[in-house]
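In: Here's my sequence, what's the structure:
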Amino acid sequence: MQTLKNSARKLAAPALLGLALLDMTLFGSAAQAATLVPPQGYYAGIEELKADKSGFKCDAVPTPYTGKLVFRSKYEGSDKARATLNLASEKAFRDSTASITTLERGVSKQVMQYMRDGRPEQLDCTLAWLGGWAQANALMSTDFNHTGKSMRKWALGSMSSAWLRLKFSNSHPLAAHQAQAELIEKWFGRMADQVVSDWSNLPLEKINNHSYWAAWSVMATAVATDRRDLFDWSIKEYRVAANQIDAQGFLPNELKRKQRALAYHNYALPPLAMIASFAQVNGVDVRPENNSALKRLGDRVLAGVKAPSAFKSKNGEKQDMTDLKIDSKFAWLEPWCSLYSCSAEVVEKKHEMQPFKTFRLGGDLTRVYDPQAEK
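Out: Modelled structure (predicted):
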């Protein structure tokens, strides 16, 4: 009898193993198929309608930019550090990209107004602007230079991250506009595919804050369009960035920016902190990457703001602190303090600077990560 039982167990073992493997496969497939989502704050509903005697006026749709993405750099003529501003080329850059920046800023402002006031004409305005550019297949030129492809990824990040507030709001504002939403999201997806092409396979010495912002734009679009391939690419690029951060929290390629090294370390943080926040809510914890590299980078920047001499010791240049006096430049503190336990000193500083509003991250981040601070 015991022999028969042992034989039965031997026969059953492979079957049980097969079932276990099948369960694991199904579970893995289910995990991979899970809908991508943003952090909880993006589900906020429209606030109570407020009286506005002046009324809402929707400006004309900025002319969709369908030309070559070839623009002058504001650092034109600078050395390899790309740290000396050229006022003439900056003006040329601003003039030639005006319609793109108008779209970015306008969409962010319209969405924030709509989420506050809930007027249908505010939503109609946003859909008209984005829909017009989507129909024109704007910003999709494959004739571009570095500044041009930079504008494409910045614009995509601005638009997709603002769109998330409409897409996921528990007020469901897009329910009655599904055809327009589909048109816009397909355009976002095409642009994200091009951004991936633009910024993939760069040599390590060329990977800096631009690549991080590209990865953020792709992450925002991944969630807006529920595309796992875009999500995975963004995570891959984040890991490259995290592994560039050295043991002291410095980014070697940003140290090359001479007197603007600290400012560019600070500028690298918003996209990285946002990617980490979005990754976490979708079951991917990137905080341990390279021995908590993101925490190290944030701590290095906060210490540098108080004592920039550490950066001078590292690259020999006295730091230009101009950008670091602008509160919105520290918008990364919102997602960063949701990922880590910020000290009382940092929290107090964060509260002094709130609300954090930056169109390149989709608008009001304080409303997303620390809504009680605005009440």
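In: in the chain, which spans are strands?
Out: 357-358, 363-364 (DSSP state E).
In: Deepest-packed of the ones you listed, please.
Out: Neighbour counts (mean count of other C-beta atoms under 10 Å) averaged over each of the strands of the chain peak at strand 363-364, with a mean of 26. In short, each C-beta sits where N, CA and C put it, glycine included.
In: For that one, give the mean pLDDT please.
Out: Mean per-residue pLDDT for strand 363-364: 96.
In: Against which helices or strands is it packed?
Out: Counting contacts by 3 or more C-beta pairs under 8 Å, 6 or more residues apart in numbering; DSSP states H and E, strand 363-364 packs against helix 98-117, helix 146-168.
In: Compile the strands of the chain into a markdown table and extend it with columns for distance to N170.
Out: Shown next, in a markdown table, are these (distance: least, C-beta to C-beta, whole Å):
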| stretch | distance to N170 |
| --- | --- |
| strand 357-358 | 22 |
| strand 363-364 | 17 |
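In: Ok, which of the ones you listed comes nearest S141?
Out: When these are compared by C-beta to C-beta, strand 357-358 sits nearest S141, at 26.2 Å.
In: Could you spell out the sheet neighbours of that closest one, each with its direction?
Out: strand 363-364 (antiparallel) (DSSP bridges).
In: ok, and what's touching the partner strand?
Out: S108, K109, V111, M112, S161, A162, R165, P355, F356, K357, E374 (C-beta atoms under 8 Å, 6 or more residues apart in numbering).
In: re earlier: please identify which of the helices and strands packed on strand 363-364 is closest to A128.
Out: Across the helices and strands packed on strand 363-364, A128 has its closest neighbour in helix 98-117 (9.7 Å, C-beta to C-beta).
In: thinking again about what came up before, looking at the helices and strands packed on strand 363-364, which is buried most?
Out: Taking mean count of other C-beta under 10 Å, helix 146-168 is the most buried of the helices and strands packed on strand 363-364, at a mean of 24.
In: can you give me the helices in the stretch 101-250 of the chain?
Out: Secondary structure of the stretch 101-250 of the chain, counting by DSSP state H, counting those that start in this stretch: helices at 120-135, 146-168, 178-199, 209-225, 228-242.
In: Please tabulate the ones you listed in JSON lines, including the columns mean pLDDT.
Out: Output for the helices of the stretch 101-250 of the chain, formatted as JSON lines (pLDDT from 0 to 100):
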{"stretch": "helix 120-135", "mean pLDDT": "97"}
{"stretch": "helix 146-168", "mean pLDDT": "98"}
{"stretch": "helix 178-199", "mean pLDDT": "98"}
{"stretch": "helix 209-225", "mean pLDDT": "98"}
{"stretch": "helix 228-242", "mean pLDDT": "98"}
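In: Name the stretch among these that sits most buried.
Out: helix 209-225 (a mean of 26).
In: what helices or strands is that helix leaning on?
Out: The helices and strands touching helix 209-225, judged by 3+ C-beta pairs under 8 Å, 6+ apart, are helix 146-168, helix 178-199, helix 228-242, helix 261-281.
In: now the ones you listed in JSON lines, with distance to P64?
Out: As requested, the helices and strands packed on helix 209-225 are exported to JSON lines (distance: least, C-beta to C-beta, whole Å):
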{"stretch": "helix 146-168", "distance to P64": "11"}
{"stretch": "helix 178-199", "distance to P64": "11"}
{"stretch": "helix 228-242", "distance to P64": "23"}
{"stretch": "helix 261-281", "distance to P64": "25"}
